[in-house]
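*Asks:* how would this look folded up:
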Amino acid sequence: MGSESLEEQASITIRRKSPEDVQQRQIIVKLDGENVGELYYGDTISIRVTAGRHKLRVDNTWNWKTLELDVASGDHLKFQTTSRAGRFSWFLVSMLGAGPIYVSIKREE
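*Replies:* Below you'll find the predicted structure:
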């Protein structure tokens, strides 16, 4: 972050604690194309950012979602990310040993 003053900074917190989460696969978190961490079920990550436009991406190595964010100075944006089984995932897992798991991310108030 270097020379930015504290007034120009903000933070983003992403947690993975939804009861709907299948608790499989890590979720890779990227901000503006840079890897900032991985979330396993129960994990939380907080990132310091500068005010301005950012791209937040979550990726479970099979599926991904990207959000475009406008972050203001002093903001603390909070999100929840979840890995969910698709409609036929458990059938495919039982037959083939693997199946699609979808990732989602939503803003929390």
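*Asks:* roughly how far is stretch 15-27 from the heart of the chain?
*Replies:* Centre-to-centre, stretch 15-27 and its host chain are 10 Å apart (CA atoms, centre = their mean, to the nearest Å).
*Asks:* check which helices and strands the longest strand along the chain sits against.
*Replies:* For the chain, the strand with the greatest residue count under DSSP state E is strand 76-85. Under the contact criterion of 3 or more CB pairs under 8 Å, 6 or more residues apart in numbering; DSSP states H and E, strand 76-85 touches strand 9-15, strand 27-31, strand 64-71, strand 101-108. No exception for glycine: its C-beta is placed from N, CA and C like everyone else's.
*Asks:* residues in contact with the third one?
*Replies:* By that I understand strand 64-71. Strand 64-71 is contacted from outside by 10, 12, 49-58, 77, 79, 103-105, using CB atoms under 8 Å, 6 or more residues apart in numbering.
*Asks:* and for the shortest one?
*Replies:* Applying CB under 8 Å, 6+ apart, the contact partners of strand 27-31 are 12, 14, 16, 35-40, 45, 47, 49, 54-61, 81, 83, 103.
*Asks:* look up how far I27 lies from the residue most central in space within the chain.
*Replies:* The C-alpha lying nearest the average C-alpha coordinate of the chain belongs to V58 (CA atoms, centre = their mean; 4.0 Å). Here the criterion is CB to CB, to the nearest Å. By it, V58 lies 5 Å from I27.
*Asks:* what residues are shared contacts of these two?
*Replies:* Common contact partners of V58 and I27 (CB under 8 Å, 6+ apart): T81, V103.
*Asks:* pull the helix or strand with minimum mean pLDDT from the chain.
*Replies:* In the chain, the helix or strand scored least confidently by mean pLDDT, DSSP states H and E is helix 89-96, which has a mean of 50.
*Asks:* shaky segments in the chain?
*Replies:* Using pLDDT under 70 as the threshold, the predicted model of the chain has low-confidence ranges 1-7, 86-99.
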